[in-house]
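fold the following, please.
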Amino acid sequence: MLDAALFLTVMGMFALGLKRPFVWVLAYLYIDILAPQKIGWTLTPLLPISLIAFLLAFAGWAVADPKAETRFTLRQGILLVLLLYCFMTLQWAEFPENAQGKWDWVWKALVFAIFLPFTLFTRLRIEAAALVLVLTAGAIIISAGMKTALGGGGYDSLYFFVNDNSNIYESSTLATVSIALIPIILWFAKHGTIFPPDWRVKTFAGLLIFACLLVPVGTEARTGLVCIAMLGLLMLRDVKNRIMYLMAAGALGVMALPFIPASYYERMATLGSLQSDQSASTRVQVWMWTLDYATENPLGGGFDAYRANEFTYDLPVTRDEGGALVTEIKEVTDESRAFHSSFFEMLGEQGWPGLFLWVSLHALGLLQMERIRRRWRNRDSPAEQWQGPLASALQFSNIIYLVGATFQGIAYQPVFLMLIGLQIALSTYCRKRDSARAEAERKALREARRTAASAKPAMP
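Below you'll find the predicted structure:
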């Protein structure tokens, strides 16, 4: 039944796109995030539905969408340069076969992020894309949250729709995505129009946010706890009563303590024990190795260049001997360890040019969203009161992503590249509205001057 339901859903979206081609864009968002072809076992794997949706999305835009107001922005240019540079580093990759495997999905994620803003030129389309993104990821999040609430979960043992451990289904990645989507869910609970924010929408939003907060607990991903802390700090900016907010957050935290498993406390305790935690020690060693590697290879070593690393370090190990704790130094040798940081992932794979492009892409996005938030926050028209809050939500999501990306190799994560596409679309939309408003004001001023000039009495 599940396989048939997934297949019919995808086929239904393809069919709807014949009348409304924009639905094909939404279909690709749905397929790329959920990966129904991996969940199903008979019908959905029969066809290359991801590639079909990808091609249909482009075809629908080319045939049906207006092109008069299409703009190619600076950030799309950065994405294009990054795409071309990734292709260049592919030519001298140290591990060509592995690099080709990563390139096969990275180029699609980058191309679609460049293309997506072209299709999102109205509020309805921007909101529809954001809604499909949230609800599709929400399907995975709700499932993970329910399993956590019912007593399942644990590090590397919380099972999702697929046992893949890649893309959004990797536990730390899902924890980061879950927390990063909370600001956008809150925006829908207040400003959404596809589902007007009545009590049902607000109740669903509240439950979905609760599920999002459960994901870091169920996965026991330390990055998720750091992302929750960052979200709490960011929300201080927009709350009206900060003292009440802090008190409520503290009370909720205390109330949640009895329901959190002991294994979660043990896992989180390693956040403060860098030297005695092998995972954390390995990450530091990988980062140091990457800096040395970038010195010798400033243009990068191509995708999966981390496979070249090998290092030895000392790790303190504490054991119990007859009731006494004894600490000894153990020499550990590691090799081919992943970067465990998007910043070092970009540095090792694409060198300093790639890191500069990637950081610039996100820095410009944060600045753009802040500019929109400030320029649109005090406008009185009902049609101009959703842009500022959405910019703030997308900005918060981006910051949370960057915090999570500091400890994970998710530089090309498709969900966050889609969020970049939403940021670009919102920025372009607001720029057009600002230009139209300025032109209307200039026209009104000219008309007022003409009226004043014609009203002057003639000279005797």
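
for the helix ranked longest in the chain, packing partners?
Longest helix in the chain by number of residues, with DSSP state H as the criterion: helix 414-455. Counting contacts by 3 or more Cβ pairs under 8 Å, 6 or more residues apart in numbering; DSSP states H and E, helix 414-455 packs against helix 22-34, helix 74-91, helix 96-119, helix 123-149, helix 171-191, helix 342-376, helix 387-405. Backbone N, C-alpha and C define where each C-beta goes, glycine included.

so how far is it from its chain's centroid?
Taking Cα atoms, centre = their mean, to the nearest Å, one finds helix 414-455 lying 28 Å from the centre of the chain it belongs to.

coming back round to it: between the helices and strands packed on helix 414-455, which one is closest to residue 452.
helix 342-376 (30.0 Å; Cβ to Cβ).

for that closest one, which residues meet the burial criterion?
Buried residues in helix 342-376, counted by 16 or more other Cβ atoms under 10 Å: 342-351, 353-355, 357-358, 361-362, 364-366, 368-369, 372-373, 376.

one more: stretch 282-290?
Those would be 282, 283, 285, 286, 287, 289, 290, for stretch 282-290 by 16+ other Cβ under 10 Å.

can you check stretch 66-85 too?
Buried residues in stretch 66-85, counted by 16+ other Cβ under 10 Å: 73, 75, 76, 78, 79, 82, 83, 85.

which of those residues lies closest to residue 168?
Nearest to residue 168 among those, counting by Cβ to Cβ, is residue 79 at 20.1 Å.

how about the closest one: what's its closest non-neighbour residue?
Spatially, and ignoring its direct neighbours in sequence, residue 79 is nearest to residue 114 (4.8 Å; Cβ to Cβ, 6 or more residues apart in numbering).

tell me how far stretch 39-48 lies from the chain's centre.
Its chain's C-alpha centre and that of stretch 39-48 lie 26 Å apart, by Cα atoms, centre = their mean.

what's the answer for stretch 91-111, then?
Centre-to-centre, stretch 91-111 and its host chain are 20 Å apart (Cα atoms, centre = their mean).

next: stretch 166-181.
9 Å.

cool, and stretch 399-419?
Worked out by Cα atoms, centre = their mean, stretch 399-419 lies 5 Å from the chain centre.

i'd like the first residue to be 598 from this point on
Fine by me, first position is 598 from now on; the one you just mentioned is stretch 996-1016.

buried set for that stretch?
Here stretch 996-1016 shows 996-1002, 1004-1016 as buried, counting by 16+ other Cβ under 10 Å.

next, the distance between the ends of that stretch.
End-to-end distance for stretch 996-1016, by Cα to Cα, to the nearest Å: 12 Å.

flag the shaky bits of this structure, pLDDT-wise.
Within the chain, the ranges that satisfy pLDDT under 70 run 748-756, 762, 852-878, 910-925, 1053-1057.

now do 50
872-873 (pLDDT under 50).

circling back to that earlier point, what's the angle from the longest helix of the chain to helix 619-631?
140 degrees (axes from the mean of the first three to the mean of the last three Cα atoms, to 10 degrees).

what's the angle from helix 1011-1052 to helix 768-788?
Here helix 1011-1052 points in a direction 30 degrees away from that of helix 768-788 (the same axes, to 10 degrees).

am I right that residue 929 is in a strand?
Yes: assigned with DSSP: H, G, I helix; E, B strand; the rest coil, residue 929 falls within a strand.

wouldn't it be in contact with residue 882 here?
No: between residue 929 and residue 882 there is no contact, the gap being 9.0 Å when judged by Cβ atoms under 8 Å.

pull the strand or helix carrying residue 801 out as PDB, backbone CA atoms only.
Here residue 801 sits within helix 796-816, counting by DSSP states H and E. C-alpha atoms of helix 796-816 as PDB (Å, rounded to 0.1, in the frame of the first residue of the first chain):
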ATOM      1  CA  TRP A 796      -6.600  27.100  15.300                       C
ATOM      2  CA  ARG A 797      -6.000  23.900  13.200                       C
ATOM      3  CA  VAL A 798      -3.000  25.300  11.400                       C
ATOM      4  CA  LYS A 799      -1.500  26.700  14.600                       C
ATOM      5  CA  THR A 800      -2.100  23.400  16.400                       C
ATOM      6  CA  PHE A 801      -0.400  21.400  13.700                       C
ATOM      7  CA  ALA A 802       2.500  23.900  13.600                       C
ATOM      8  CA  GLY A 803       2.900  23.600  17.400                       C
ATOM      9  CA  LEU A 804       3.000  19.800  17.100                       C
ATOM     10  CA  LEU A 805       5.400  19.800  14.200                       C
ATOM     11  CA  ILE A 806       7.800  22.100  16.100                       C
ATOM     12  CA  PHE A 807       7.600  19.700  19.000                       C
ATOM     13  CA  ALA A 808       8.500  16.900  16.700                       C
ATOM     14  CA  CYS A 809      11.400  19.000  15.400                       C
ATOM     15  CA  LEU A 810      12.700  19.400  18.900                       C
ATOM     16  CA  LEU A 811      12.400  15.700  19.500                       C
ATOM     17  CA  VAL A 812      14.600  14.800  16.500                       C
ATOM     18  CA  PRO A 813      17.900  15.800  18.200                       C
ATOM     19  CA  VAL A 814      16.900  13.800  21.200                       C
ATOM     20  CA  GLY A 815      16.000  10.700  19.200                       C
ATOM     21  CA  THR A 816      19.100  10.900  17.100                       C
END
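
and which of the buried residues of stretch 879-887 is nearest to residue 802?
Using Cβ to Cβ, residue 880 is the member of the buried residues of stretch 879-887 that lies nearest residue 802, at 35.1 Å.

which one is that closest one nearest to, not counting chain neighbours?
Spatial nearest neighbour of residue 880, excluding adjacent residues (Cβ to Cβ, 6+ apart): residue 937 at 4.5 Å.

so who does the one you found touch?
879, 880, 883, 884, 1004, 1005, 1006 (Cβ atoms under 8 Å, 6 or more residues apart in numbering).
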